[in-house]
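Chemist: Quick one, what's the 3D model for this:
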Amino acid sequence: MKYEKITVIIDPKDEDLATYLLFECGASGISTYNPQDDKIETGSDTFDYVDKNAFATKEQIELQKKYGNKCFLTLFFENNSGLNDFKLKAKEMLEYSFEIISENVDDTTWINEWKKFYEPFKIGKIWIVPTWNNELDLKPKIVLDPGIAFGTGQHETTSMILYGMQKYSFENKNVIDIGCGSGILGIGAIKLGAKKCHFIDIEERAVEITKKNCLSSGVEKLSTFENGYFKKNENKTYDIILANLTANILDMIKTDMFDSLNNNGLIFASGIIDGRETELEEKFLKLGFVIISKEKQNDWHSMVMRKEKR
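Modeler: Numbering: from 1, shown residues only. This next block holds a predicted model:
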């Protein structure tokens, strides 16, 4: 299979929106290098520092010498349509001008290139480890094949939920991971004590990757998988719902999520772009949820909600 390796050169203020648009257009993994950020501070009582420069390659550092204090997003598309879609959306939505460098690479080059960008790191007490470092004695750990599906832990929408999950009890809970992507959140739930997790995604490839990641992480026997759209099932209810989606999708499935949740059950919701959070909060409150915590990182919001008894 041929991939297109892309480097998008943008103003740092456009980083979050550009990252969101790239994933929406089908990017297979994104490595961010922002020379202005020595470290991302996520708050004194949140998760560990993440050193972005630790993920920089020599190529990205050379780009910095040429372009100065720009932000560099390196990623891979499987075909030209994704890149073309991004160009159209970026011209319309990004605040500042951008530049794109592209080249075609084969499977082997893609794998070796991606390995340059991804090293083990920690969110709260959980290690996120790529498959090629699985032999490292790090516990607890989630083992991922990064870059093949959304959800490596490096993006705020994922890391906010994964850290927030560690503040609550998952012991013997029945969990569903909606829009599972790489499976990182559901695997994390099992590592935190959940008795089982059901993984669902509309992308068949994401489900296949999640299966592989569950196997690598040693949780496959506590996992079930489904390729399709989430909707309520009267025969299936859950103690905890993990939903790292978008504001629009959260809005669309909010009633089905409410009906699928046991009384006093929790929803961990993320993927909410700045400006949509208040509207969503009001809709969830109207349904009968109680919002028990909220987080914001850069332009992204997440919240934890509890279903009240009717």
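
Chemist: any idea how far I209 is from F121?
Modeler: Counting by Cβ to Cβ, to the nearest Å, the separation of I209 from F121 is 19 Å. In this view, the C-beta of every residue, glycine as well, is placed from N, C-alpha and C.

Chemist: my bad, should have said E281
Modeler: Distance from E281 to F121, by Cβ to Cβ: 31 Å.

Chemist: now swap in S31 and tell me
Modeler: Plainly put, S31 is 13 Å away from F121 if you go by Cβ to Cβ.

Chemist: and the longest strand for the chain?
Modeler: Longest strand of the chain, by residue count under DSSP state E: strand 261-273.

Chemist: ranges for the strands of the stretch 201-310 of the chain?
Modeler: 223-227, 238-244, 261-273, 289-297, 300-307 (DSSP state E, counting those that start in this stretch).

Chemist: Now do the buried residues in the longest strand of the chain.
Modeler: Neighbour-count burial for strand 261-273, with 16 or more other Cβ atoms under 10 Å as criterion, is recorded at 261, 265-273.

Chemist: try stretch 278-286
Modeler: Quick answer for stretch 278-286 (16+ other Cβ under 10 Å): 280-281, 284.

Chemist: What of stretch 130-144?
Modeler: 130, 138, 141-144.

Chemist: pLDDT of it, averaged?
Modeler: Here stretch 130-144 scores 86 as its mean pLDDT.

Chemist: Also stretch 66-75?
Modeler: Mean predicted confidence for stretch 66-75 is 86.

Chemist: what's next to that stretch, contact-wise?
Modeler: 5-12, 14-15, 18-19, 22, 27-36, 57, 59-60, 63-64, 99, 117 (Cβ atoms under 8 Å, 6 or more residues apart in numbering).

Chemist: ok, then the element right after the lowest-mean-pLDDT helix or strand in the chain?
Modeler: Least confident helix or strand of the chain, by mean pLDDT, DSSP states H and E, is helix 107-117 with a mean of 66. Downstream of helix 107-117, the first helix or strand assigned by DSSP states H and E is strand 121-123.

Chemist: No further queries at this time; thank you.
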